[in-house]
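Novice: based on what follows, work out the 3D shape:
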Amino acid sequence: MQQEAVAEMLTALRIKHQNELAATVQGRFTSSGYSSAKKTFLWGDLRENQRQVKDRLLPLAVTIAGDYALLGEPKASIEWLEKSLREREHEPDVS
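Specialist: Sure, this is the predicted structure:
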């Protein structure tokens with residue numbers, strides 16, 4: 001089952017044209033197992049999401065908070081949740 005999960009991670013990365021990260025994840029799975037591959041995937045996803053937030057491509061603060069939570073980084077997770085709440089407070093009301 002872990003091999004199938006890694007295959008899905010690799011597919012997702014390749015769809016997003018993140019071939020270098022896909023190769024790194026695959027290498028980590030081969031050398032160190034699923035846990036290492038998953039952490040590598042999450043850290044890569046986190047970096048990409050942070051870049052998108054910085055470049056204002058997508059409002060991903062909640063996604064970043066989730067990645068930090070999965071990585072066992074509760075302080076960073078809470079900081080990003082708070083950032084998400086602050087940003088929502090300043091969005092115009094469309095109702």
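Novice: C-terminal to the longest helix seen in the chain, what's the next element?
Specialist: In the chain, assigned by DSSP state H, the helix with the most residues is helix 34-54. Per DSSP states H and E, the first helix or strand lying C-terminal to helix 34-54 is helix 61-70.
Novice: which strands or helices does that next one pack on?
Specialist: Under the contact definition 3 or more CB pairs under 8 Å, 6 or more residues apart in numbering; DSSP states H and E, helix 61-70 sits against helix 34-54, helix 74-89. For the C-beta atoms, the positions are set from N, CA and C on the backbone; glycine is no exception.
Novice: pull the residues that contact that helix.
Specialist: Helix 61-70 has contacts (CB atoms under 8 Å, 6 or more residues apart in numbering) with 42, 45-46, 49-50, 53, 74, 76-78, 80-81, 83-84, 87.
Novice: of the helices and strands packed on helix 61-70, which shows the lowest average pLDDT?
Specialist: For the helices and strands packed on helix 61-70, mean pLDDT drops lowest on helix 74-89, to a mean of 83.
Novice: list the buried residues of it.
Specialist: 76, 77, 80, 81, 84 (16 or more other CB atoms under 10 Å).
Novice: enumerate every residue touching the second one.
Specialist: Contacts were defined as CB under 8 Å, 6+ apart; by that measure residue 77 touches 65, 66, 68, 69.
Novice: that older thread, in JSON lines: the buried residues of helix 74-89, plus distance to residue 14.
Specialist: As requested, the buried residues of helix 74-89 are arranged in JSON lines below (distance: CB to CB, whole Å):
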{"residue": "76", "distance to residue 14": "27"}
{"residue": "77", "distance to residue 14": "27"}
{"residue": "80", "distance to residue 14": "27"}
{"residue": "81", "distance to residue 14": "30"}
{"residue": "84", "distance to residue 14": "29"}
